[in-house]
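Asks: Below is the sequence, then the predicted model.
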Amino acid sequence: EVQLVESGGGLVQAGGSLRLSCAASGFTFDDFAMAWFRQAPGKEPEGVSCMSSSDGSTDYADSVKGRFTISSDNAKNTVYLQMNSLKPEDTAVYYCAAAPMCWSPYDYWGQGTQVTVST
């Protein structure tokens, strides 16, 4: 059974930091690009960041460049999203997802973790 389990969300003040984790199981982690998406209330989902499985290259939405960092620990089948200098507009449910390539249709999704940034 494929599982993506996010953790690390919570309430933080603006300017603070959080690190999200996504533990994967049930598929060959090394063969998949891993991404983070977010969805704020009343808004469309937004692709936040992706890490390629082929060369480890990363991609970020303009809205988070310079503040968020995606990384992975393949030995633990886990992908992380370090979020610094958080802003209230970063408030959303954050999801991790797996796909053969970055930004290709995603095969697997986690259940999401809430991030709330207060002013």
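Replies: Received, thanks.

Asks: With adjacent residues omitted, what lies nearest to the spatially most central residue of the chain?
Replies: By Cα atoms, centre = their mean, the mean C-alpha position of the chain lies nearest to Trp36, the distance being 2.6 Å. In space, and not counting its chain neighbours, Trp36 is closest to Val48: 4.4 Å by Cβ to Cβ, 6 or more residues apart in numbering. C-beta: built from backbone N, CA, C; applies to glycine.

Asks: mind listing what the residue nearest to the centre of the chain touches?
Replies: Trp36 makes contacts with 20, 22, 47-50, 70, 79, 81, 94-97, as judged by Cβ atoms under 8 Å, 6 or more residues apart in numbering.

Asks: Go through those and say which is closest to Lys87.
Replies: Nearest to Lys87, judged by Cβ to Cβ, of these is Val48 at 13.2 Å.

Asks: so what does the one helix or strand the closest one maps to touch, helix or strand wise?
Replies: Val48 belongs to strand 46-51 when elements are defined using DSSP states H and E. If contacts are counted by 3 or more Cβ pairs under 8 Å, 6 or more residues apart in numbering; DSSP states H and E, strand 46-51 sits against strand 33-39, strand 58-60, strand 68-73, strand 78-83.

Asks: So what are the sheet partners of it and their directions?
Replies: strand 33-39 (antiparallel), strand 58-60 (antiparallel) (DSSP bridges).

Asks: how about the ones you listed in a markdown table, adding distance to Asp107 and mean pLDDT?
Replies: Below are the strands paired with strand 46-51 laid out as a markdown table (distance: least, Cβ to Cβ, whole Å; pLDDT from 0 to 100):
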| stretch | distance to Asp107 | mean pLDDT |
| --- | --- | --- |
| strand 33-39 | 10 | 98 |
| strand 58-60 | 18 | 98 |
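
Asks: Out of those, the one nearest Thr119 is which?
Replies: strand 33-39 (18.5 Å).

Asks: I'd like the distance from the closest one to the chain centre, please.
Replies: 4 Å (Cα atoms, centre = their mean, to the nearest Å).

Asks: in the sheet, who's paired with Ser72?
Replies: Bridge pairing for Ser72 - DSSP bridges - gives Val79.
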